[in-house]
Structures are given as C-alpha cells and as structure tokens.
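In: have a look; sequence and predicted model below, questions after that.
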Amino acid sequence: MAKLTLEDLRRMRGEKQKAMEMRDSSNKDVQVIVGMGTCGIAAGAKDTFTALVDAINEKGLTNVLIRQTGCMGLCHSEPTVEVVAPGMPSVIYGHVDAATAKSIVEKHIVGHQLIDDKILDRPSIDIIKNA
Amino acid sequence: MAFESYVLVCGGTACCSGGANEIVTAFKEKLEANGLADKVQVVVTGCLGFCEQGPIVKILPQGTFYVQVKVEDVEEIVKEHLVKGRVVQRLCYDPEQAKKLVAEANIPFYQKQYRIVLRNCGVIDPEKIDDYIARDGYKAIEKVLFEMTPEQVVDEMLKSGLRGRGGAGFPTGMKWKFAQQQPKGQKYMVCNADEGDPGAYMDRSTLEGDPHSILEAMTIAGYAIGASKGFIYIRAEYPLAIRRLEVAIEQAHDLGLLGDDILGSGFSFDIELRFGAGAFVCGEETALLQSIEGNRGMPKPRPPFPAVKGLWGRPTVINNVETLANVPVIINKGADWFNKIGTATTKGTKVFALTGKVNNSGLIEVPMGTTLREIIFDVGGGIRGGHKFKAAQTGGPSGGIIPPQFLDTPIDYESLAKIGSIMGSGGLIVMDETDCVVDVAKFYLDFTVDESCGKCAPCRIGGRKLLNYLTKITDGRGTEDDIQKMQEISDAMCKASLCGLGQTASNPVRSTLRYFMDEYMAHIKDKKCPSGKCSKLIQYTIDPAKCKGCTLCARKCPVNAITGTVKNPHVIDQFKCIKCGQCEANCKFGAISHG
C-alpha cells in the first residue's frame, strides 16, 4: 500500500469510523466478537471460534461477521463471545464452549432468543468515549 | 420472530438463594397472563456481580436494573414496565435518582472501572489497523508531528503527572526530559514488556488486545527525545503478543506510520522486537539493556542512568507497556484532563490483574485512589466460596502483603509504600483464611532466589538464607532467634543490593513479619500452621470411636500408611503419611481429621 499522508490518514479515520458505527447500528450485519487473548485461547476460544464458523456455514448465514478481539477483562468467564445483532440487545456470553457456540448461532442469531445461564455483563462502560 | 424485550434474571448462587428461580417462574406466568409471552423472553443469566442487592432483574433493551426483587414485585414490573413502558422506580437501585439511574451503566458499582489503558482491549480486532485508526488511533501522532515541538510534548507529559507503571513510579515526563536534554545523535526508545511477576498479565493483555497503541506511543516518545529507533523487549513466553506486535508493525510500515518520513513530516522512526528468555531480572532496566545488547542479563549500578548512557552507551528511555498505553490518550485529551483523574501524587488509572481467591478474577482498570475494598469486593465480586478475606498481595515478589485493616487505603504509590507494600506492576493476589502467610512468603522467596542473577552478594546469599529460615519455620524447626535473623538479613538486602530485585526481595518477609507475627509464632512455638497449609505441621488422625473399619481409607491411601483389619479401627502411620488428605476426603463417617 502507498504511504499515507496526513490527509489520507484523516480521511481513512473518517471512513473507518463510519464503517464501525454502521457495524454497531441496528440494521446492519450481525457481529459475533470472540475474545481471543491468551486467557480466552487457553480456555478454548479457538474451538469456540471454529464451532461458530461451522454453525454459521451450516445455516448458510451470510450476514454474520465474526471478529476476534483481545481480553475484555472477564478472565473468570472465558471464552467470552459478544453478539451484536439487529433488533436485539448486545450481550456478552461467558464460558462459551462449542455447544454453546452452536446454540448462539441457532437460538440467538437465527431464533432471536437469548440463551439461558450464559449471559454476562461488561464490567464497566467505556467512559473514555463520553469523557 | 424477534422479541421486543428481554427480562434477564440473575441466576447466580446468591440471587438463587434469594428466590431467583421463583421470580423466573412468576415472570413467565405473568407474561403469559398479559399476552406478552411471545413478545418478551425471560432469560436466566450468570452472576451479574451485584450479589449484595440480589435478586437482580434487568430489562433489555432499555437496560433498566432492578434490585432486591421479590416474587410479589413481578406483576408490577410486567404491568407497569413491560405493558405500559413505565419504569418501576421503587425497585431501581437508588430510588432518589431513579430517573437518571435506570441503566446499569449508571450504577456506581459499575462505574468503579475507568478504562484508559484498556480502552481498546476487548473492543477492536488487534490484528486490524483499521479498527485502531477508527478509534482515534494514530491521531496523537498527527498532533505531535504537525502541531507540537518535542519540548511541548515533554512538557505535556510532565504536566500530566504520568508516572512509570512498571512499579517504581518515576515521572515519565522527567525521564523523557533527561534524554531530550542529551546532545543530539543516536538515541533509543525502549518498551519494557518483560512482565515477570507471578500472577501479573496486564502488559500481555494490552499488547495482545491493542498493540498499535504501544507503537504509536513509542513513536511519540521517539519524537520527543529525538530517537529514531525503538526496541520492544518482550519475553518469548508471550507468543500471541509477539505475533500481534509483528502484525501491527508490518501494518504500520505498510501505511507509512512507521519507517522513514512518517506522514510526510520528515520524522523517521522504526521499531524492532527483542525477545527475552524469561529471566525476571531482565525486567530491571539496566539488565534489560544488557540483554538487548546480547550480554548476560545483569544489572549495573546507576548512575549513569540509561537516559544519559543506555543502550550501546547512547541516551535511552525505557518505559513500561502500561505507561506507554496512556501516552496517546494524554496527547489527544490533554494533560489537564489526565491530571484530574487519580490522587494528589498519582494521576490516572492503574490496571490490575486480579487473581487468587476472588470471585471475578480478571483484568480491571480503576482510577488511582480507589480502595482495595472497592477493587476486591465491588469489582472483584468478593471472596470465593464465602471465605474470609485475609490479605492481599500487590507488587508480586517485590511487594508486600496487605492485611484487612488497610482495605480502605486509597491506592497510590505513596500510600502503598507507607503500609509496606508497593504498587508494583499490577498483580493483585487475594488470599483467604486457608492461605498461610509464611508459606506465601516462602513461595515468593523461592521465586526470587531462583531469579537472582547472582551478581551481588546481598541478594544472592541473603535471599538463600531467608528461604532457609522460612523453610525451617514451615517445617516446624523454627526458633524465635530466626525471626531476629530474618529481620537483619532483610534490612541488609534492602540497603545493599545492587538492583530493585534484591532491594525488594525481602518485602514479602518484612510485611508478613510486620502484620502476621502471631502466625509465625504459631509455627515456631506451637508447631502449628493455623491455616493448615504447611503439611509438615499437620497430622491426620483417625478417631477410633468413629471408625467403622470399612477399609476405604486404607485403600485410598497412596503410600499405604493406613493399617487395620475389617470392622476394627484403623491407624495412620505418621512416618509414612504424606498429608495428601485423601483419607479425610473419602471417609464416610467423619472419623478422620487433621490439625
């Protein structure tokens, strides 16, 4: 890629910010975010990730975006998976094994139902955004 | 078909004992009765972490947070909130501010965390530079390169009051200033990612979750001090962090955010990784520089300080990962903004790796001045298994043990030093009454003796001697004289060791002697370990009156220490017994006990 100039970087930031907001807003694609820090991976996040991909392929879903991220700080509940889907509150699931991953796709994404016993909350709001 | 609302009922142990199951059933019935069964889903969640106010019910998508809900309240919540859309104010957390405090995010409990360093961790994809840029990434670089002089950058850091998060708390701006004032020429910027305290993983998680923030901060520092070259010294045991850093460096290179003439500003800066082999002493800055140069990792006396004479004899600034992660935010939001967070002497936030006997072990970031009680009981959710808090250990092997009477101490560098501990890099290990402090001190000494580089005698010999005394005491051979000797050795190590490792290695011993002398005395005088941890001081015995002679314990014993005939009381041979506890755990009649 060509080297950025100052203007390029500013334009790029604007575009990416919009893209990120789009992903966050309600009528765009479903986002599934898997915590893949060392803590998550040690707890089996790779299996969770594979199970999610398999389940999504199996259902033939094309509107789902699977992303990885670092540690959310909820190390006691790894692997953690955050699901942001249109018309649904965004939630974080904890202790997501392959079976739970499958039911996230089947129940949450396809069936629009939350799954019992697996929901966690973000430990805090990200107030740097509002500060 | 999607539901319109969701009722989340906390299904944690505490809430269940408070009737959460009945509440779930009641919700289902009332929703059915009001024709909302297919519009509202009732969900049981894992513990929402607010046990003292349970049972907890949360309504999504609004995020209304109801506390101390009873079965009788369910009908009102359904009729008022879910049918008419009116919040039931009397059940909100703080009724006086109910109008404002409807969302969980507004409850003070959840506000105890403040994420500056971890702002992007768990939010962005660390392998995508786009994600970082979208969250104001590389904006600080723009500002610094095009709007600020190096002097202004250093002034801003000085004004912010940011202090080194590696443990010692030296003002970051000051370090930068020293290096900046050195004559022009080759200078180096080094990031210390050699995180070695047992139980600490803040730096690893930051690098794994937000590697670009470190690259950006190092570039800013490089500009400020006039360095064109940076090194990240990271331990080889962090393969994922290394991979993500490599990806990040490559992406930044591709976009020209690292390398020659960054963004056309004329400033060039490049970063290389250097891998450590996991020696604890290499977290000490002079030893770290030795290791980068390819020498054996051993500290050197200071002065000269690295800012004057560092890597290959050139001025070098060494900053810890967490320190650096603060830098872009300080530049973007300004020193005055940062200055307002924290205490009088210590600004900003601190990331802690909260581990040990706490319910919510994990990575947390709180403003300086937060108390240990808030960290352990609010953010951390209290002590696991309903046990009693005994002590907290901060600062790993260099830190001290903090007893319950200091739970309300606001955390900053000075207050922790005053009570005999240190801030350290951020490991926070919580202990309950089943932990033996003498055993803990022994564990840390074992670690530092292992990790001592051996260059100076106080650390090499003193550490070994201390460990011998601690072993003697936990084996039940200790005398009161030993305490006196341990105190003398501790003082000598503190005063005479060459580097921070030796100077602080006796801290676990000093602080436990200071606050838990009675426990040492129990080991020495009564030959007893009050928490039952020191295996040489406990004895398993079979009560002949209760033993039915079922032979189960004899069969479970891995060393055949238990003898006896069927239907007759059994006996444990104390010489053979290895105190594994299998017999006690398996006895169906409660005939076996230890003490």
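Out: Done, it's in. Residues are numbered from 1 along each chain as shown, chains lettered A, B, ... in the order given.
In: the residue nearest to B:Gln251 when sequence neighbours are not counted: what's it in contact with?
Out: The spatial neighbour of B:Gln251 that comes closest, neighbours along the chain excluded (C-beta to C-beta, 6 or more residues apart in numbering or on different chains), is B:Ile129 at 4.1 Å. Where you see a C-beta, it was placed from the backbone N, CA and C, and this is true even at glycine. Under the criterion of C-beta atoms under 8 Å, 6 or more residues apart in numbering or on different chains, the neighbours of B:Ile129 are B:137, B:212, B:248, B:251-252, B:255, B:257.
In: where are the low-confidence patches of chain A?
Out: A:1-2, A:20-28, A:121-131 (pLDDT under 70).
In: what segments of the stretch 151-300 of chain B are helices?
Out: Secondary structure of the stretch 151-300 of chain B (DSSP state H, counting those that start in this stretch): helices at B:172-181, B:202-209, B:211-225, B:239-254, B:285-292.
In: ok, now chain A?
Out: Along chain A, counting by DSSP state H, helices occupy A:6-24, A:38-42, A:45-59, A:98-103.
In: can you point out the buried residues in stretch B:460-480?
Out: Using 16 or more other C-beta atoms under 10 Å in any protein chain shown as the test for burial, stretch B:460-480 gives B:460, B:462-463, B:465-467, B:469-470, B:473-474, B:476, B:478.
In: farthest pair within those residues?
Out: Using C-beta to C-beta, the buried residues of stretch B:460-480 span at most 27.4 Å, a distance reached by B:Arg460 and B:Gly476.
In: one step back: worst mean pLDDT among the helices of the stretch 151-300 of chain B?
Out: Of all the helices of the stretch 151-300 of chain B, the minimum mean pLDDT falls on helix B:202-209 (a mean of 91).
In: show me where the stretch 1-150 of chain B has its strands.
Out: Taking DSSP state E, counting those that start in this stretch, the strands of the stretch 1-150 of chain B run over residues B:5-10, B:40-45, B:57-60, B:64-66.
In: how far does the third one sit from the chain's center?
Out: Taking C-alpha atoms, centre = their mean, to the nearest Å, the mean C-alpha location of strand B:57-60 is offset from the chain mean by 30 Å.
In: swap in the shortest one?
Out: On the basis of C-alpha atoms, centre = their mean, strand B:64-66 sits 30 Å off its chain's mean C-alpha point.
In: from the contact counts, what lies against it?
Out: Applying 3 or more C-beta pairs under 8 Å, 6 or more residues apart in numbering or on different chains; DSSP states H and E, one finds that strand B:64-66 makes contact with strand B:57-60.
In: if we can go back for a sec, for B:Gly502, find the nearest of the helices of chain A.
Out: That would be, of the helices of chain A and by C-beta to C-beta, helix A:38-42, which comes in at 30.0 Å.
In: give the buried residues for that closest one.
Out: With burial defined by 16+ other C-beta under 10 Å, the residues of helix A:38-42 counted as buried are A:38-41.
In: what is the nearest of those residues to chain B?
Out: Closest approach to chain B among these (C-beta to the nearest C-beta): A:Thr38, at 5.3 Å.
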